[in-house]
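Chemist: requesting a structural model of the entry that follows:
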Amino acid sequence: LIAEAPTGIGKTVSVLFPAIKALAEGKARKIFYLTARTIGRAVAQEKLPLNTSVVTKEQIRKKNAMTLDQALEGTLGVTSVERTGTLGQYSPITLRGFRPKHTAFMVDGIRIEDGGGEVSAPTFPLDNVERIEVLRGPGSALYGANAMAGAYNLISKEPEDGPATTDITASFGSFKTQKYAVEFGAKPGRLGAYVTGSKTKSEGFRNNSGYDADYYTGKFNYDATLWDRISLSGQFLKSSVGLPGAIPVQPVEFNNERELIAATTSSHQEDQRTLGAAAYRRRLGEATTVQVRLFSTWLSRLYDSPEYAYKGEGISRTVGGEVQADHALMEDVVVTAGGEFRRDGYRSTDLLAVKVEGDAARNTGAGFLQAHGTFGNFNILPGVRVDQHEVYGSQVNPRLGASYRIIPEARVTGNVGRSFRAPTLIDLIWPDTAFGKGNPNLKPERALTYEIGTEVRPVHDVIARVTGFRVDMDDKIVNVVVDPVSGKT
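Modeler: You can find the predicted model right below:
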């Protein structure tokens with residue numbers, strides 16, 4: 001019996017009781033329960049032929065991590081976290097040597113993007129995060145665009161059965177960093193709620209590197225029947241961070257004063273981000289689960305630099321929906337199928353010139369199919385996804401994973417799959433400015449990844465992994481310098 005209980009003991013027992021009863025009566029030999037489009041925590045690590053890691057809320061707490069980049073430091077496959085400053089500053093995360101644009105970023109399975117295709121890790125506090133799932137390797141067969149290096153999936157906390165609980169915390173750190181947070185959860189019956197709110201401030205290490213953020217989240221579940229659940233969730237973040245620019249002196253000249261000087265004393269960035277989702281999930285008998293979900297994301301990013309006489313705002317917006325069905329086709333075989341539609345838009349405005357620099361929206365439709373089968377010590381995971389974009393056309397991305405358990409404590413795994421990185425709306429529509437110019441004729445980057453590895457668990461809670469991988473990439477998108485007179489690169 002393999003099971004995961006994200007909604008509390010009472011709900012889990014009520015769901016599993018018919019299957020356990022059948023097991024006792026000899027009508028079933030084995031039960032395998034899997035949450036489909038999440039990586040599946042320990043279940044995925046033990047059963048699926050995927051290269052995965054999970055950062056739990058306990059690990060996040062031990063690290064005193066406040067943002068995603070801090071939580072992922074030290075995670076297998078995360079080759080670097082490049083910090084350009086203290087809290088709130090740009091901190092790109094490199095997975096398997098790939099830049100953030102080649103990694104899908106999701107919250108509860110909803111892919112998050114901005115117009116540049118790169119999610120800023122510090123803009124995602126961890127107040128309501130239950131765990132962070134990390135998939136290494138090609139993920140476009142299930143998640144679509146940008147999952148070349150893999151995917152990060154932030155799983156938010158769920159209301160737990162029982163009376164209301166409230167946690168109030170305050171923390172303090174270097175550079176006058178302060179964080180005040182409150183969390184409230186309750187699920188006395190069919191209706192459950194989990195809400196959080198926090199305030200974070202820091203003066204930063206250098207002049208003009210301060211950070212100020214307000215973050216609110218909420219998740220509400222209603223179990224209409226034993227087989228039906230309605231869920232509503234939302235997040236809102238408002239933040240401001242100073243942009244001090246490059247340090248004007250070399251490290252050998254540091255004297256605890258020179259390195260604090262800001263090259264730009266007034267430049268700053270302001271973000272407002274919202275995420276909303278509504279879902280309905282229904283169990284159709286004991287073998288099939290269907291979920292329908294609608295979602296919307298919105299990001300406003302204001303960049304104000306008096307030193308460079310520029311003030312501009314970029315707004316990224318996405319609306320979409322998805323449907324997914326999971327079916328136990330036969331003993332030890334689970335099939336997942338579904339479809340997704342999303343409309344991504346981006347608008348760039350020069351606020352000083354009162355001029356819209358670029359405004360575009362594009363539609364993407366997709367369908368995916370995946371199966372997982374266990375046959376003795378052998379596990380197999382084939383899958384395929386087809387994305388149809390109104391500009392660059394269709395992308396077909398298959399994947400095949402397999403594992404074989406040599407002994408109970410060791411197994412070998414292998415994966416081969418195609419993936420792609422889509423050109424962002426900024427890549428496509430950016431106007432001809434001093435910062436560059438977009439190219440509407442760009443096509444997606446494509447990659448074929450092979451990997452093979454071994455995994456050994458010598459003792460409980462200790463896993464040793466060795467994986468070798470090769471990535472062949474075509475049609476890489478790069479920035480080039482064009483002569484304004486000849487037009488040649």
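Chemist: poorly predicted segments of this structure, please.
Modeler: Low-confidence segments of the chain (pLDDT under 70): 1-49, 80-85, 115-118, 120-123, 431-435, 482-489.
Chemist: so who does the nearest residue to residue 272 once chain neighbours are set aside touch?
Modeler: Sequence neighbours aside, residue 300 is the residue nearest to residue 272 in space, at 4.5 Å (criterion: Cβ to Cβ, 6 or more residues apart in numbering). C-beta: built from backbone N, CA, C; applies to glycine. Residues in contact with residue 300 (Cβ atoms under 8 Å, 6 or more residues apart in numbering) are 271-273, 313-315.
Chemist: try it again with 7 Å
Modeler: Residues near residue 300 by Cβ atoms under 7 Å, 6 or more residues apart in numbering: 272, 313, 315.
Chemist: which residues touch the second one?
Modeler: For residue 313, the contacting residues are 300-302, 349, 351, by Cβ under 7 Å, 6+ apart.
Chemist: where's it, which helix or strand?
Modeler: strand 310-330 (DSSP states H and E).
Chemist: tell me the buried residues in that strand?
Modeler: 310, 312-322, 324-328 (16 or more other Cβ atoms under 10 Å).
Chemist: centre of the chain to the very next helix or strand once past it, how far?
Modeler: Per DSSP H and E, the first helix or strand lying C-terminal to strand 310-330 is strand 333-350. Distance of strand 333-350 from the chain centroid (Cα atoms, centre = their mean, to the nearest Å) equals 13 Å.
Chemist: just stretch 128-138 next, same as before
Modeler: 7 Å.
Chemist: and stretch 141-148, by the same measure?
Modeler: Per Cα atoms, centre = their mean, the centroid offset for stretch 141-148 relative to its chain is 11 Å.
Chemist: list of residues touching it?
Modeler: 37, 98, 101-104, 111, 117, 138-140, 151, 366, 368, 370, 383-385, 387, 397-399, 417, 419-422, 447.
Chemist: follow-up on the earlier one: state the distance from the residue nearest to residue 272 to residue 129.
Modeler: 23 Å (Cβ to Cβ, to the nearest Å).
Chemist: one more: residue 228?
Modeler: 27 Å.
Chemist: in terms of neighbours, single out the busier of the two.
Modeler: Set residue 228 next to residue 129 and count neighbours by other Cβ atoms under 10 Å: residue 129 wins out with 22 against 12.
Chemist: partners of residue 455 in the sheet?
Modeler: On the basis of DSSP bridges, residue 455 is bridged to residue 411, residue 465.
Chemist: tell me the contacts of it?
Modeler: 410-411, 413, 463, 465.
Chemist: repeat that for 10 Å
Modeler: Contacts of residue 455 were listed using Cβ atoms under 10 Å, 6 or more residues apart in numbering, and they are 45-46, 51, 403, 405, 409-413, 463-467.
Chemist: what's the answer for residue 229, then?
Modeler: 7, 11, 190, 192, 221-223, 279-283, 291.
Chemist: for residue 409, same thing?
Modeler: Residue 409 sits in contact with 455-459, 463, where contact means Cβ under 10 Å, 6+ apart.
Chemist: and residue 369, how far from residue 234?
Modeler: From residue 369 across to residue 234, the span is 31 Å (Cβ to Cβ).
Chemist: could you do residue 415 as well?
Modeler: Counting by Cβ to Cβ, the gap from residue 415 to residue 234 is 35 Å.
Chemist: quick one: which of the two has more around it?
Modeler: More crowded of residue 415 and residue 234, by other Cβ under 10 Å: residue 415, with 23 against 16.
Chemist: where along the stretch 1-150 of the chain do the strands fall?
Modeler: Using DSSP state E, counting those that start in this stretch, the strands of the stretch 1-150 of the chain run over residues 51-56, 78-81, 93-95, 103-107, 110-111, 129-136, 150-156.
Chemist: Throw the ones you listed into TSV and include distance to residue 241, thanks.
Modeler: Output for the strands of the stretch 1-150 of the chain, formatted as TSV (distance: least, Cβ to Cβ, whole Å):
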stretch	distance to residue 241
strand 51-56	24
strand 78-81	17
strand 93-95	17
strand 103-107	19
strand 110-111	24
strand 129-136	21
strand 150-156	21
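Chemist: out of the ones you listed, flag the one nearest residue 165.
Modeler: Residue 165 lies closest to strand 129-136 among these, at 14.8 Å (Cβ to Cβ).
Chemist: sheet partners, orientation included, of the closest one?
Modeler: In the sheet, strand 129-136 lines up with strand 51-56 (antiparallel), strand 150-156 (antiparallel) (DSSP bridges).
Chemist: in the first one, what's buried?
Modeler: Within strand 51-56, the residues that qualify as buried are 51-55, counting by 16+ other Cβ under 10 Å.
Chemist: follow-up on the earlier one: closest to residue 430 out of the contacts of residue 313?
Modeler: Nearest to residue 430 among those, with distances taken as Cβ to Cβ, is residue 349, at 12.9 Å.
Chemist: that closest one and residue 314 touch, don't they?
Modeler: Yes - using Cβ atoms under 10 Å, residue 349 is in contact with residue 314, at 7.8 Å.
Chemist: so what sits against both of the two?
Modeler: 302, 357-358.
Chemist: returning to that earlier point: quick one, which of the contacts of residue 455 are buried?
Modeler: By 16+ other Cβ under 10 Å, the contacts of residue 455 give 45, 51, 403, 405, 411, 413, 465, 467 as buried.
Chemist: need those in CSV with distance to residue 439, can you?
Modeler: Putting the buried ones among the contacts of residue 455 into CSV (distance: Cβ to Cβ, whole Å) gives the following:
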residue, distance to residue 439
45, 41
51, 34
403, 41
405, 48
411, 45
413, 39
465, 40
467, 35
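Chemist: which one of the residues you listed is nearest to residue 250?
Modeler: Nearest member of those to residue 250, counting by Cβ to Cβ, is residue 467, at 38.9 Å.
Chemist: just to confirm, which helix or strand has that closest one in it?
Modeler: strand 462-474.
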